[in-house]
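Q: Provided below for reference: sequence and predicted model.
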Amino acid sequence: MAILMQGLVLLMAGMGIVNLFLMLLVWVMNRATLVVAHFNYILPDEAPKKKPLLATQHVIHSDDVLIAIAVATAEARTA
Amino acid sequence: MAILMQGLVLLMAGMGIVNLFLMLLVWVMNRATLVVAHFNYILPDEAPKKKPLLATQHVIHSDDVLIAIAVATAEARTA
Amino acid sequence: MAILMQGLVLLMAGMGIVNLFLMLLVWVMNRATLVVAHFNYILPDEAPKKKPLLATQHVIHSDDVLIAIAVATAEARTA
Amino acid sequence: MKKIILSCVATLTLVLTHAFAGAPTPVQAPAAVPTVATHAAATPSEAGDWRTMIKRVKALKDDTGIAGFISKNPPKYLSEGYMTPTGAMVPGQKVKVIGGIPYGLGQALMIAVCLTLLYLAIVKEFEPLLLLPIGFGGLLANMPFANVAAPPLVDVVTRTVTEPGGFLYYFFEFGISTGVFPIMIFMGVGAMTDFGPLIANPRTALLGAAAQFGIFAALLGALGMSTLFPEHIHFGLKEASSIGIIGGADGPTAIWLTTKLAPHLLGAIAVAAYSYMALVPIIQPPIMKWLVPERERKIKMKQMRHVSKMEKVCFPLIVLLLCALLLPSSVPLIGAVMLGNLCREVGPSVSRIADTMAGPLINIVTIMLGLAVGSKLACEKFLNPETLGILVLGLIAFSCGTAGGCIMGRLMSKVCKDPVNPLIGSAGVSAVPMAARVSNKVGLESDPTNYLLMHAMGPNVSGVIGSAVVAGVLYTLCK
Amino acid sequence: MKKIILSCVATLTLVLTHAFAGAPTPVQAPAAVPTVATHAAATPSEAGDWRTMIKRVKALKDDTGIAGFISKNPPKYLSEGYMTPTGAMVPGQKVKVIGGIPYGLGQALMIAVCLTLLYLAIVKEFEPLLLLPIGFGGLLANMPFANVAAPPLVDVVTRTVTEPGGFLYYFFEFGISTGVFPIMIFMGVGAMTDFGPLIANPRTALLGAAAQFGIFAALLGALGMSTLFPEHIHFGLKEASSIGIIGGADGPTAIWLTTKLAPHLLGAIAVAAYSYMALVPIIQPPIMKWLVPERERKIKMKQMRHVSKMEKVCFPLIVLLLCALLLPSSVPLIGAVMLGNLCREVGPSVSRIADTMAGPLINIVTIMLGLAVGSKLACEKFLNPETLGILVLGLIAFSCGTAGGCIMGRLMSKVCKDPVNPLIGSAGVSAVPMAARVSNKVGLESDPTNYLLMHAMGPNVSGVIGSAVVAGVLYTLCK
Amino acid sequence: MKKIILSCVATLTLVLTHAFAGAPTPVQAPAAVPTVATHAAATPSEAGDWRTMIKRVKALKDDTGIAGFISKNPPKYLSEGYMTPTGAMVPGQKVKVIGGIPYGLGQALMIAVCLTLLYLAIVKEFEPLLLLPIGFGGLLANMPFANVAAPPLVDVVTRTVTEPGGFLYYFFEFGISTGVFPIMIFMGVGAMTDFGPLIANPRTALLGAAAQFGIFAALLGALGMSTLFPEHIHFGLKEASSIGIIGGADGPTAIWLTTKLAPHLLGAIAVAAYSYMALVPIIQPPIMKWLVPERERKIKMKQMRHVSKMEKVCFPLIVLLLCALLLPSSVPLIGAVMLGNLCREVGPSVSRIADTMAGPLINIVTIMLGLAVGSKLACEKFLNPETLGILVLGLIAFSCGTAGGCIMGRLMSKVCKDPVNPLIGSAGVSAVPMAARVSNKVGLESDPTNYLLMHAMGPNVSGVIGSAVVAGVLYTLCK
Ligand code: NA
Ligand code: NA
Ligand code: NA
């Protein structure tokens, strides 16, 4: 049973710490947002934000190209 | 000469083992094909099988494709 | 001061060596150019030199795009 | 075709049987010739005549996998200990497989287990990027005499390596023992994660905190189990903590902590963690529906505000500094995530780095990490009631985490001014982005126009931070 | 929302304060029960009852970063020494931060320094690919108790690792101590560099030689400084050589040489080298304008001849063989560049290799190298007058290198038949391709139709060879 | 231009000659001043005055490559032995180059050999992805005093590394000594290989078995050679096995086995293996035409049946399990190929892994493996009659393998119901996909409508399995 009591202490300490930490984070971020708002000019948003993705994800298949061509051709025909 | 005899034993043992192993493989595969045929539904074939190739090849940017389409369409229209 | 004198020796030796080395290189290259000129047939220049780029950067085979455009245009024209 | 095979088999079987049978062949002459090596470079293998070689060929049958699977004994390096190349002495262990079954049979059973893992990974698509390498690593490591995960043989006197170890041994020592692989995976995770939804709505971080309750529920459960069944299950605080961290639903965090606290459970815990992550769409919905009434499931949340680049760049630094001030033991994990995320958010000037972290680097490390973790699926460590316990506790961890998140969601829904849909609480267990998708799906079932995905990403990514924090705390308190 | 946070904080604070306060809680019973471990697998952490655990929880407050930042003592492994996993004994050092300030405060200051580096890297885009990882590595390494750069704990008797080291420790030992990372970066540099302009116009190599004068100017300066201020600055020949090499304006060369000659200065020197490389567009133009009269800035150079593939393929081999004949100590650096370049020029048949060197490989190594170098930004080594000296000397190095190149440019302009614009001399400091762009820009200011970029690439790339040569010479003479 | 070079050369030569000549320069004063180091941090290099430095500068001439090439002695670490960083003692060897020529001259000859390799790789496109790094590695390793492949200097008492080793040393120890690199290459090979043609037509596996005859022919040849010329050629069973495996026509298999059995032959065997693989289109056709009559060369084979995804996924597991049951020693090689192939066939869900194995991972490993293997092209091991023997035996191996495949092809052609073109037998030596293309080409010469490529891929890929099996057997029998 002694070990169960230790586990209980762990539970309380652990949940307490993770909650405190994330609450503090919430508080800091709420503050920081206000502050940072004045400094947005330092790092302006880029127009079309490109997100680094998995390298293999950009991989396109010639199929895609073929579809693209098909679409393009179709549009051209109806143009 | 003793060592040549050892080599000869190696030859016989080695060729024997590799032949036995691959014959066994042939036999197992012939059997397996029959069995697997009933379970093809588990992993159905994909329509256009994509083969993993060198990562650096074939990575394309959708932008490029879009530009290609645009150019193609434009040219087609003016054609 | 002794150490400063050592530094001075280092300076003279170092600048001397790097100058000598690169002069020698200049001399060798001037010679080599003349010699190599006769052997250009061994490794003929490729038509459009492709430069190694960052792998993740979407190396494309411009050929693909060109082919795509060509096909699209052709199809569009005959449409 | 059949004929040729049969005739060849016949001939060769004859030859080999003969050899195996040790029948005195007619060629007796060489026996009289003294077989002293004929030149200086003669290696020991040349000494002896062709009979020696035939003996060796015959001996091959004792080294087949078949012989291994019916053998009783574990590999020598396990039972008798060994010296590592750096000179450390690893002591031998008493290796005992469940039910006292022979070691070889245990290995055969583990191969069946690994094939099941591969089935789940390939056919059921259970986190295939990790479970396929883990399963394959386990497969290789359990093949008798293949020594794929064996340490090198070291001459105890000269300290030279006389036979290199298996490649899985090197992968493990290089990346898992040092803790480097999980850290590198976390860099990639950071480079792939968008903390925007959390920055836009910081209070959802509390849901990510509440969902860590699963970790501690499983921890208590593990201690309870070993109190209830002291003769079958032996979980101390270290083991219980490692098992609990399954509820963090973050593979790298689980591997990192388990390697440090309870390395003998690494195989089972990694398998449980990734399996349950794949099962999130099955485990969570019933709990969510049970805890959140239909009415609250329909709550629509306000559209999220825009988050500026400056905020996104500052966020990783803020989290890291907070962590440094309060919880240094979580700094390696949080630091790695935040490094990756910083590179991601800084944009084009460092996109080479961010793309590499989220691409080739994480892929390469994933392969080696999966195989190395799989190499710890040894029968004496996996085939026992404790593994069953771990599987049960892992389920408890995920369920309680989901419940914790949902309950906190309902509490926030009541207290907060802005509407909060409690369903996003379940996303706090991380398992990014699966859990967020589940929140979205369950929400859509109640109201087909209510898209919760982006809102659920807040707790989802804060769950990653939350479980890294808990891992640091558990490490400090239990090491 | 606020309410919930506040109420939770209140409750939890209560609980934790209680625990920290060590108040006797009502549950006294277990105290009487002997807490002998209940089963065989009992680990030490289970011994003791819940009070032990509460004590540990309380002890957490001594391990927070806050406690660390106000602590006086450096980490034990630094002051008392340690054994590496391979059995080497690293002796303890007398660690003293400038002004005798407590070590924790020193770390806090270093974190501020690293945040400044990150600011420069992210906002000012100072060589962000390197300075971001370096700054982040420094940040992590200076977080107290986080042990991100700590060596593993090794049991001195059994030689087993009882606690793995931090991941920055492993990055450093793996790639920097061995010198492998700078070499691999150089392979990538070679695979990205076009030596064509140098081959077309070999005499521009002399500009690359003259620009190495900056290295020796800074070297002499360093020796002078330590003669002038013997009580504050202690630069011997090794330190002076490492500082001088900043003037080579090649990161990998600087890191390679400094690791061998003066590893304690690695952090400061790497930071200085990359910072000044980023500052080239600010440092160089005034010097160039001062040394080159307007008239000569307008000189138009002849269009460059075509360079055949055969020449480009032979070039790396010729340079390497010359280097092998005369300066073996420069072979590792030159060899790596030339290997990369050879693969690049050979074309399609080995483009897989060249693309990998210039892509995933250099990227992966850059991440690890940057972080590992950053881990050497320790306060006792960075916060002292010597760092200030290094920064001043680095500026001297770049300036004198620029001057040397320009003066040689004017000399060549006078002597050579074909016109030479002295402005391309400044590109000899390497910092590829920034310095060449500066030559081009300054040239355009005098004559908007005079494009010098391609002509400046000659001295620019020969500067890489030049400083690798100097690094080899300095290593041989000063080691 | 010429003038400036000449005048500079003149001046500098004057200065340096002066220095080298040791002429007493006018400045005599400092000699009287005691040159005690002026401050605490004084390193030994500062002790002594400027004359010490001039002496060192003069001594440079003894360390040039030119001096090295005319020196008689091998590097000290070779002749006197050394301690590795992990504390192993590597004993010194009696180093003797062929004909008793000085070691330096031997190195110069090896550089010529490596330049020839580079020529073959670059101009003749002989397996350039491997032969270019191998040739370049050999080039670097044979440059005197460059220490590119030298082990680190270790202080025997404190065990600390006083000077790091060369980068090729680290590549070798990291990836070749441990056997990890060939395994990783094999993963990539698996991820690039389509076993479909073998699955569709399993009996072609027998052709892959028969082609392994080349291995044993060369093995016997090696033993015969050393019986015939006992004073020049010393091949024991281990050496003969390693030489034989050249006939497997699989680089990684050859490197893996040779590292374990006869590491001193690694350079020569790797070079022979890759060279002959490149020469397959020249070696095979005459043998094929000689052994297969025109009539049989025209045989058209039935179109191949479709192979389902399920079959392709099961295949690697079946092969691996068979191998585990019968030949555990082949499991590492076969396992790696089958892991890669499984990832490939499973499809999109793990394509990240498969693409990485077949892309960045195999490329990175190829660079390091090639360089490391090249570093073993030392003159005392390469410049001797044994290398000539290896080259001859390699040719025998490829020829006999081709013959074995063709003869088995004719046998099958006679026995089997479905038509079999014997030409596909020669593809059994692997050298994927070159040998299959040769079968196709020779077939087309007899009948321009008969495309054998896909049919030849069956024996081609089964040859990979076959030689891995043989490698395992040889390792077990000869180690
Ligand atoms: Na989590
Ligand atoms: Na330079
Ligand atoms: Na083969």
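A: On my side now, so go ahead. It should be emphasised that the depicted structure is a prediction, and the values quoted were computed from it without experimental measurement. Ligands and ions are numbered 1, 2, ... in the order given.

Q: mind jotting down where the strands sit in the chain?
A: With no chain named, the answer covers chain A. Taking DSSP state E to define them, one finds no strands in chain A.

Q: meant chain D, my bad for not saying
A: Ranges of strands in chain D, per DSSP E, are D:81-83, D:89-91, D:153-154, D:161-163.

Q: of all the ones you listed, which lies closest to chain C?
A: Closest to chain C of the strands of chain D, according to Cβ to the nearest Cβ: strand D:161-163, at 35.0 Å. Placement of C-beta: from N, CA and C, glycine included.

Q: quick one: the closest one near chain E?
A: No. Using Cβ under 8 Å from any Cβ of the partner chain, strand D:161-163 stays clear of chain E, coming no nearer than 13.5 Å.

Q: which strands and helices sit next to that strand?
A: strand D:153-154 (3 or more Cβ pairs under 8 Å, 6 or more residues apart in numbering or on different chains; DSSP states H and E).

Q: list of residues touching the strand it packs on?
A: D:82-85, D:160-163 (Cβ atoms under 8 Å, 6 or more residues apart in numbering or on different chains).

Q: show me which of those residues are buried.
A: Listed as buried from these are D:82-85, D:160-161; burial here means 16 or more other Cβ atoms under 10 Å in any protein chain shown.

Q: just the pLDDT for the spatially closest residue to A:Thr33 that is not a sequence neighbour.
A: Spatial nearest neighbour of A:Thr33, excluding adjacent residues (Cβ to Cβ, 6 or more residues apart in numbering or on different chains): D:Glu311 at 6.5 Å. Note on D:Glu311: pLDDT of 94.

Q: D:Glu311: what's it in contact with?
A: Contacts here follow Cβ under 8 Å, 6+ apart; on that basis D:Glu311 touches A:32-33, A:36, D:199.

Q: grab the nearest non-local neighbour of the residue minimising distance to the centre of chain D.
A: The centre of chain D sits closest to D:Ala270, judged by Cα atoms, centre = their mean, with a distance of 3.4 Å. If the residues on either side of it in the chain are set aside, D:Ala270 comes closest to D:Val373, at 4.7 Å by Cβ to Cβ, 6+ apart.

Q: looks like the one you found contacts D:Leu266 (just checking).
A: Yes. With contacts counted by Cβ atoms under 8 Å, D:Val373 reaches D:Leu266, the gap being 6.3 Å.

Q: more neighbours, the two?
A: A side-by-side neighbour count of D:Val373 and D:Leu266, using other Cβ atoms under 10 Å in any protein chain shown, places D:Val373 first with 31 against 23.

Q: for the more buried one, what are its contacts?
A: Here D:Val373 is in contact with D:133-134, D:137, D:176, D:255, D:266-267, D:270 (criterion: Cβ under 8 Å, 6+ apart).

Q: residue ranges with poor pLDDT in the chain?
A: Just so you know, I chose chain A. Applying pLDDT under 70 to chain A flags residues A:47-79.

Q: was after chain D, sorry
A: For chain D, the ranges with pLDDT under 70 are D:1-48.

Q: domains of it?
A: The record assigns chain D these domain ranges, following automatic domain parsing: D:2-62, D:68-164, D:170-478.

Q: so which of those domains comes closest to ligand 1?
A: Of all those, domain D:170-478 sits nearest to ligand 1, with 3.2 Å by Cβ to the ion.

Q: how about that closest one and ligand 1, touching?
A: Yes. For domain D:170-478 and ligand 1, the contact criterion (Cβ under 5 Å from the ion) is met by D:248-250, D:430, D:463, D:467.

Q: if I read this right, A:Ala13 contacts E:Val57, doesn't it?
A: Yes. A:Ala13 lies in contact with E:Val57 (Cβ under 8 Å); the separation is 4.4 Å.

Q: dump the residues of domain D:170-478 next to ligand 1 into CSV; add distance to chain F and neighbour count as well.
A: Putting the residues of domain D:170-478 next to ligand 1 into CSV (distance: Cβ to the nearest Cβ, whole Å; neighbours: other Cβ atoms under 10 Å in any protein chain shown) gives the following:
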residue, distance to chain F, neighbour count
D:Gly248, 23, 32
D:Ala249, 20, 33
D:Asp250, 19, 31
D:Ser430, 20, 32
D:Gly463, 23, 30
D:Ser467, 24, 34
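
Q: the residues you listed also near ligand 2: which ones?
A: Within these, nothing lies near ligand 2 by Cβ under 5 Å from the ion.

Q: could you dump those into a markdown table and include distance to D:Val307?
A: Listed next are these as a markdown table, based on distance: Cβ to Cβ, whole Å:
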| residue | distance to D:Val307 |
| --- | --- |
| D:Gly248 | 26 |
| D:Ala249 | 25 |
| D:Asp250 | 23 |
| D:Ser430 | 20 |
| D:Gly463 | 19 |
| D:Ser467 | 23 |
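
Q: show me which of the residues you listed is closest to F:Gly425.
A: Nearest to F:Gly425 among those, counting by Cβ to Cβ, is D:Asp250 at 53.5 Å.

Q: which ones are touching the closest one?
A: By Cβ under 8 Å, 6+ apart, the neighbours of D:Asp250 are D:273, D:430-431, D:463-464, D:467-468.

Q: change it to 10 Å
A: By Cβ atoms under 10 Å, 6 or more residues apart in numbering or on different chains, D:Asp250 lies in contact with D:182, D:185-186, D:189, D:256-257, D:273, D:277, D:333, D:337, D:429-432, D:463-468, D:471.

Q: just give me the neighbour total for the residue nearest to D:Met357 when sequence neighbours are not counted.
A: In space, and not counting its chain neighbours, D:Met357 is closest to D:Ala191: 4.1 Å by Cβ to Cβ, 6+ apart. By the criterion of other Cβ under 10 Å, D:Ala191 has 29 neighbours.

Q: and the closest residue to D:Pro433 other than its chain neighbours, what is it in contact with?
A: Among residues not flanking D:Pro433 along the chain, D:Asn460 sits closest, at 6.4 Å (Cβ to Cβ, 6+ apart). Neighbour list for D:Asn460: D:193, D:197-198, D:204, D:207-208, D:211, D:249, D:405, D:424, D:426-439, D:453 [criterion: Cβ under 10 Å, 6+ apart].

Q: filter these down to just the ones in helices.
A: Secondary structure from DSSP state H places D:197-198, D:207-208, D:405, D:434-439, D:453 of the contacts of D:Asn460 in helices.

Q: of the contacts of strand D:153-154, closest to E:Glu239?
A: For the contacts of strand D:153-154, the nearest to E:Glu239 is D:Pro85 (35.3 Å; Cβ to Cβ).

Q: surely that closest one and F:Thr178 touch.
A: Yes. With contact defined as Cβ atoms under 10 Å, D:Pro85 and F:Thr178 form a contacting pair (9.5 Å).

Q: which residues do these two both contact?
A: By Cβ under 10 Å, 6+ apart, the residues touching both D:Pro85 and F:Thr178 are D:152, D:161, D:164-165, D:173.
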